[in-house]
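Peer 1: sequence and predicted model, in that order:
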Amino acid sequence: MTWIIVIVCVVLAGLFYIRMKARAEEDRLLPDAGQAILDFGRAFPEEAIRAIHSTRDDKAYFVRLHDGKAGFMASHGTHLVCHLIEPGRVQVTMTDSGQGLAVHFLDFPHLDGRYEFRGADIAAEVSLWLLGSFQPRSEFTTPEA
């Protein structure tokens, strides 16, 4: 009878170990906000981050920079792809849910997507950041060489 109890305990411990190992592997695949800040700082050391917001699934981060520019980071496994958004090189529309943005990057179309946030207020704030990186041209400005 004691052997049966020992075997059941060993099997339960094994199942618990397998479950915890799988959960740790999932957490390892998603970078956190701290890692995102470090990666962006490594990619663009001259840019100072003022604010950062992640998407609902924590697979993308939008960054507001000190001089009004915006940045974007997308999770690819254990690392982040960092992108500095150039003025006028992004198109943004609100999603039907009101808590997300459909973003089209003119320079990097492979980063295009629908990014859902934890709330409509965060989506609105990020859209303002992206609009802040937009510099329209008028007939009164001289074209740059």
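Peer 2: Now that the structure is in, tell me what you want to look at.

Peer 1: what comes up buried for the helix or strand hosting residue 80?
Peer 2: If you go by DSSP states H and E, residue 80 is part of strand 79-85. Neighbour counts over strand 79-85 (16 or more other C-beta atoms under 10 Å) mark 80, 82, 83, 84, 85 as buried. Every C-beta, even on glycine, is put in place using the N, C-alpha and C of the backbone.

Peer 1: stretch 37-48 now?
Peer 2: So for stretch 37-48, counting by 16+ other C-beta under 10 Å, buried means 39, 40, 44, 47.

Peer 1: now do stretch 58-71
Peer 2: So for stretch 58-71, counting by 16+ other C-beta under 10 Å, buried means 59, 60, 61, 62, 63, 64, 65, 69, 70, 71.

Peer 1: so what does the first one have for phi and psi?
Peer 2: Phi and psi for residue 59, reported as degrees, to the nearest 10, are phi -100, psi -10.

Peer 1: surely it meets residue 76?
Peer 2: No: using C-beta atoms under 8 Å, residue 59 is not in contact with residue 76, being 9.0 Å away.

Peer 1: list the contacts for the closest residue to residue 89 other than its chain neighbours?
Peer 2: Distance criterion C-beta to C-beta, 6 or more residues apart in numbering; nearest residue to residue 89, sequence neighbours excluded, is residue 106 at 4.6 Å. By C-beta atoms under 8 Å, 6 or more residues apart in numbering, the contact list for residue 106 reads 89, 90, 91.

Peer 1: dump the residue contacts of the residue nearest to residue 115 when sequence neighbours are not counted.
Peer 2: Leaving out its chain neighbours, the residue that sits closest to residue 115 by C-beta to C-beta, 6+ apart is residue 55, at 4.8 Å. With contact set as C-beta under 8 Å, 6+ apart, residue 55 has these partners: 61, 115, 116, 117.
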